[in-house]
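Peer 1: Below is the structure, and that's it, no one-letter string:
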Ligand code: F6P
């Protein structure tokens, strides 16, 4: 059985651990019958037929290694059905041609939202596909957790923890900008875990006045500082009322490198405080996976290999109610799992006295 493996989209912690989990299980279950091939840089390698047979030793000593040994790239789903610049063929045609030429019996695809749309397209076109859910954003529908998320929560929490001492020493207001354009899971989890005072997520549009009130309230009660955990995709209540077109135009003309800097100016004007911004950025995706992600990727890897062994293709492995289950790709593709504004965890944050910025 010739199995092609690829990692696609933004990297995260645990990609290598997941590849290892799939490979080790396949080698144990199928022995020499499993021929493992690595496809370089995600779908690019499939489009350009850039793949190589992998040795069992390549899957050793990678449990704790960050990034992906296969490389990755972003290949937007919307480009998959468009004719390529250099030929009449679409990227999908080229991928199908590679799969035929290389005689892959199935593909193992590790990725997030965009990756799953393309994985589903391949599956609809007759390719045997099994996928694993990765992203620090935790925004894939059908699974309670994606791998990478818990490691990123650890890092973002550590950053906000460390900011506390400087905020206290200087009596300052800090904004820590956390990754997540569309979903606020990472900001919410890290914000609560680190004891942030205000949490702003894309799902709950913010009011600068309400955040200023929260800061002033803390000051009046004798607190020396305030820390805001703000998702990079945060939007104001005024922006939430705009059409998509108006919003795009407003953001294109925004004279700030990111939302946190604009918020800092808004809050400085309202509170009189000097506000500092810290952006950990891609640091949140780097380094070794935390133990919880090592465990999750290993479990996902085993489950993916078992689906291949049993010929149950067209599925993503997912965590539901603490158990690893297959979820059809057709159900996952194109669906985002965002934070329900009335979820228990948001309610818990509010009960703890945190402001959600609204
Ligand atoms: O999807 C993961 C993610 O890290 C998001 O949180 C972030 O908005 C985006 O990727 C950054 O993408 P890039 O690596 O292309 O800058």
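Peer 2: Here it is on my side, so go on. Quick caveat, the model's predicted, so the values are computed rather than measured.

Peer 1: Which of the three states applies to residue 319?
Peer 2: strand (DSSP: H, G, I helix; E, B strand; the rest coil).

Peer 1: Could you tell me which residues of the stretch 251-358 of the chain lie near the ligand?
Peer 2: residue 285 (C-beta under 6 Å from any ligand atom). Every residue, glycine included, has its C-beta placed from N, CA and C.

Peer 1: mind listing the strands for the stretch 251-358 of the chain?
Peer 2: 275-278, 315-320, 323-328 (DSSP state E, counting those that start in this stretch).

Peer 1: just the stretch 101-250 of the chain next, same as before
Peer 2: 106-111, 129-133, 173-178, 198-200, 226-231.

Peer 1: Please work out which residue of the stretch 101-250 of the chain is closest to the ligand.
Peer 2: residue 179 (3.4 Å; C-beta to the nearest ligand atom).

Peer 1: now for the lengthiest helix in the chain, which elements pack on it?
Peer 2: For the chain, the longest helix by residue count, based on DSSP state H, is helix 149-170. Other elements packing on helix 149-170 under the criterion 3 or more C-beta pairs under 8 Å, 6 or more residues apart in numbering; DSSP states H and E are strand 173-178, helix 185-194, strand 226-231, helix 291-309.

Peer 1: just these: most buried one?
Peer 2: Neighbour counts (mean count of other C-beta atoms under 10 Å) averaged over each of the helices and strands packed on helix 149-170 peak at strand 226-231, with a mean of 28.

Peer 1: Show me what that one pairs with in its sheet, parallel or antiparallel.
Peer 2: The strands beside strand 226-231 in its sheet (DSSP bridges) come out as strand 173-178 (parallel), strand 198-200 (parallel).

Peer 1: Rebuild those strands as TSV, extending it with mean pLDDT and distance to residue 71.
Peer 2: Formatted as TSV, those follow (pLDDT from 0 to 100; distance: least, C-beta to C-beta, whole Å):
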stretch	mean pLDDT	distance to residue 71
strand 173-178	98	26
strand 198-200	98	34
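
Peer 1: and those as a markdown table, adding distance to residue 226?
Peer 2: Output for the strands paired with strand 226-231, formatted as a markdown table (distance: least, C-beta to C-beta, whole Å):
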| stretch | distance to residue 226 |
| --- | --- |
| strand 173-178 | 5 |
| strand 198-200 | 7 |
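
Peer 1: mind checking which of those is nearest residue 96?
Peer 2: With C-beta to C-beta as the criterion, residue 96 lies closest to strand 173-178 of the strands paired with strand 226-231, at 38.7 Å.

Peer 1: Now do that closest one: distance to the chain's middle.
Peer 2: 20 Å (C-alpha atoms, centre = their mean, to the nearest Å).

Peer 1: Compute the inter-axis angle for it and helix 185-194.
Peer 2: Relative orientation of strand 173-178 and helix 185-194, computed by axes from the mean of the first three to the mean of the last three C-alpha atoms, to 10 degrees: 140 degrees.

Peer 1: Contact distance from the ligand - what residues of the stretch 51-200 of the chain qualify?
Peer 2: Proximity of the stretch 51-200 of the chain to the ligand (C-beta under 6 Å from any ligand atom) is limited to residues 112, 135-137, 179-181.

Peer 1: Swap in 8 Å and give it another go.
Peer 2: 74, 112-113, 135-137, 139, 179-181, 186 (C-beta under 8 Å from any ligand atom).

Peer 1: Tell me which residue is most central in the chain.
Peer 2: Closest residue to the average C-alpha location of the chain: residue 135 at 2.6 Å, with C-alpha atoms, centre = their mean.

Peer 1: Check whether residue 256 really touches residue 250, as I assumed.
Peer 2: No - the criterion here is C-beta atoms under 8 Å, and residue 256 misses it with residue 250 at 11.8 Å.

Peer 1: mind listing what the closest residue to residue 260 other than its chain neighbours touches?
Peer 2: Nearest residue to residue 260 in three dimensions, chain neighbours excluded: residue 177, at 4.2 Å (C-beta to C-beta, 6 or more residues apart in numbering). Residue 177 sits next to 230-232, 258-260, 277-280 when contact means C-beta atoms under 8 Å, 6 or more residues apart in numbering.
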